[in-house]
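Participant: need coordinates for the following:
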Amino acid sequence: MIPFVGLCVLLGLGHLLRMKVRLFQKLYLPSCVIGGLLGLVLIQMLNQSGFTWHTAWIAGWGKLPGILINVVFACLFLGIQLPQFWEDKFDKHKLIDLGLTRRIQNAAILFAPQLIRSGR
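Facilitator: So this is what the prediction gives:
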């Protein structure tokens, strides 16, 4: 629960910074990126100054990328209409989408045994 609160505080600070600093708005930086960079700078500054703090604040952060990448891949093809295989005529845009789909499927087939063996 404590790591979640820490991430929420960083996200809130990132949102406040994005609302107040015009440069962040012009660069189209999302609040989560600003909050992540702010957290990176704060944690490094605290470690360098010798400040001792409870490690429970960042205890679960190491597992998050492996979990959240599933959300990225689940949302990858939202809004894209995949071509139907029984249609006689394909236009070039549908073939591009079909090629991308096949490449992702081939990558998943190649890397799935390695992920299963590594225990992820």
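Participant: and the host helix or strand of Gly36, which residues are buried?
Facilitator: If you go by DSSP states H and E, Gly36 is part of helix 31-49. By 16 or more other Cβ atoms under 10 Å, the buried positions in helix 31-49 come out as Ser31, Ile34, Gly35, Leu38, Gly39, Ile43. Where C-beta positions appear, they are placed from N, C-alpha and C, glycine not excepted.
Participant: ok, the fifth one touching Leu10?
Facilitator: If I follow you right, that is Gly39. Yes. Between Gly39 and Leu10 there is a contact under Cβ atoms under 8 Å: 4.5 Å.
Participant: low-confidence stretches in this structure?
Facilitator: Under the criterion pLDDT under 70, the flagged ranges of the chain are 82-103, 106, 109-120.
Participant: walk me through the domains of it.
Facilitator: Per automatic domain parsing, the domain ranges recorded for the chain read 1-63, 76-120.
Participant: turn the buried residues of helix 31-49 into JSON lines, including distance to Leu64.
Facilitator: Output for these, formatted as JSON lines (distance: Cβ to Cβ, whole Å):
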{"residue": "Ser31", "distance to Leu64": "17"}
{"residue": "Ile34", "distance to Leu64": "18"}
{"residue": "Gly35", "distance to Leu64": "14"}
{"residue": "Leu38", "distance to Leu64": "17"}
{"residue": "Gly39", "distance to Leu64": "12"}
{"residue": "Ile43", "distance to Leu64": "15"}
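Participant: which one of those sits closest to Gly79?
Facilitator: Closest approach to Gly79 among the buried residues of helix 31-49 (Cβ to Cβ): Ser31, at 22.7 Å.
Participant: now the helix or strand just after the helix holding Gly36: buried residues?
Facilitator: Sequence order places helix 64-74 as the next helix or strand after helix 31-49, per DSSP H and E. By 16+ other Cβ under 10 Å, helix 64-74 has no buried positions at all.
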